[in-house]
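In: Sequence and predicted structure, then a few things I'm wondering about:
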Amino acid sequence: MEKGVLLEKLPGVQPTPLLSDEEMDYYVNEFSRTGLHGPVSWYRTREQNWKDELELLNRFLDIPVLYILATNDTALRPELSRNMERNIKHLTRAEVVASHWALWERPEECNTHIKSWIEGVVFGRKMKL
């Protein structure tokens, strides 16, 4: 995306159902006080992280991994998870109908997948975390 923030869209932004008014006030107060430097630093380091991760391309994980796909995630689109099995020997896939914020939108479903995976894969195989 070349444009960054689409300022013309701001008037149409509605309050999120994911945060209460009290929570929203807290975040507005904190970000007004401290700015967004911390929260956006992850994005600033993407090029360096990409370079660091190049050495992992031909490596394999031989530990149990749970991947919960959020079917409506526009940041981490579902097709980005294709072929994970090539590098993750013990991959378990699950999915929830949610956006990027699946843990907020569908906490019960996410927790059910995690609980099932821990009980069945981790403890079921007597593996150590």
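Out: Thanks, I have the structure now. Residues are numbered from 1 along each chain as shown.
In: per-residue confidence for Val40?
Out: pLDDT for Val40: 86.
In: Regarding the chain, what is its longest helix?
Out: When the chain is parsed with DSSP state H, its longest helix is helix 21-34.
In: Which neighbouring elements make contact with it?
Out: Here helix 21-34 touches no other helix or strand, going by 3 or more C-beta pairs under 8 Å, 6 or more residues apart in numbering; DSSP states H and E. Glycine gets a C-beta too; all of them are placed from N, C-alpha and C.
In: Alpha carbons only: can I get it in PDB?
Out: Extracted in PDB, the C-alpha atoms of helix 21-34 (Å, rounded to 0.1, in the frame of the first residue of the first chain):
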ATOM      1  CA  ASP A  21     -15.900   3.400  26.200                       C
ATOM      2  CA  GLU A  22     -13.700   3.100  29.300                       C
ATOM      3  CA  GLU A  23     -11.100   1.100  27.500                       C
ATOM      4  CA  MET A  24     -11.200   3.400  24.500                       C
ATOM      5  CA  ASP A  25     -10.700   6.400  26.800                       C
ATOM      6  CA  TYR A  26      -7.700   4.700  28.400                       C
ATOM      7  CA  TYR A  27      -6.000   4.100  25.100                       C
ATOM      8  CA  VAL A  28      -6.700   7.600  23.800                       C
ATOM      9  CA  ASN A  29      -5.300   9.000  27.000                       C
ATOM     10  CA  GLU A  30      -2.200   6.800  26.900                       C
ATOM     11  CA  PHE A  31      -1.500   7.400  23.200                       C
ATOM     12  CA  SER A  32      -2.100  11.100  23.700                       C
ATOM     13  CA  ARG A  33       0.500  11.100  26.500                       C
ATOM     14  CA  THR A  34       3.100   8.800  25.000                       C
END
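In: what about the residue lying closest to Met24 once chain neighbours are set aside, how many residues close to it?
Out: Of all residues not flanking Met24 in the chain, Pro15 sits nearest, at 7.1 Å (C-beta to C-beta, 6 or more residues apart in numbering). Pro15 has 8 neighbours, counted by other C-beta atoms under 10 Å.
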